[in-house]
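Chemist: Please find the sequence and the predicted model below.
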Amino acid sequence: MVQYVGRTTNPEKRKIAHRNNPFKANLEFYIEKDNLTKPEARGLEQYLIMYYSTLNRNNQMNNQINGIARNNRKYNIYMNAAQIYFFDSETYVGP
C-alpha cells in the first residue's frame, strides 16, 4: 500500500531525510520514474497522490499537501506533461 508520494532531484539525500523522519522512517523507498522534466515530475507526483489517495492531513506518514495546488496557474501544464507516464498508451478507436 502506498502511503506517501514525492519527487526529488536527489534520491539518496531524500532517503536520508525520510530515515530521519519518524513518520516516514519505515516506508519503503521506490523510484517510479527518473529523468523527468520538472513539469513531468510535478504532474506525475500529483497524479500518483490522487491515484493512491495519499493526501491525509491526519496521518503524518501520508502527504500533507497536494503536489500542485488546484489553483496553480500551471496546473494543466504539469498534468498534461505527465499524462504519458500515468495513463496507458493504448487508444480506443470506436465506431
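Modeler: Perfect, I can see it now.
Chemist: When you work out contacts or count neighbours from here on, use the C-alpha atoms and nothing else.
Modeler: Will do.
Chemist: shaky segments in the chain?
Modeler: The chain contains residues with pLDDT under 70 at 88-95.
Chemist: where exactly do the helices run in it?
Modeler: Under the criterion DSSP state H, helices of the chain are mapped to 11-19, 38-52, 75-86.
Chemist: Tell me which of these sits most buried.
Modeler: helix 38-52 (a mean of 20; mean count of other CA atoms under 10 Å).
Chemist: who's in contact with the spatially most central residue of the chain?
Modeler: Centroid check for the chain by CA atoms, centre = their mean gives residue 45 as the closest residue, at 2.1 Å. Going by CA atoms under 8 Å, 6 or more residues apart in numbering, residue 45 touches 5-7, 67.
Chemist: now the helices of the chain as a markdown table including distance to residue 26?
Modeler: Output for these, formatted as a markdown table (distance: least, CA to CA, whole Å):
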| stretch | distance to residue 26 |
| --- | --- |
| helix 11-19 | 7 |
| helix 38-52 | 18 |
| helix 75-86 | 26 |
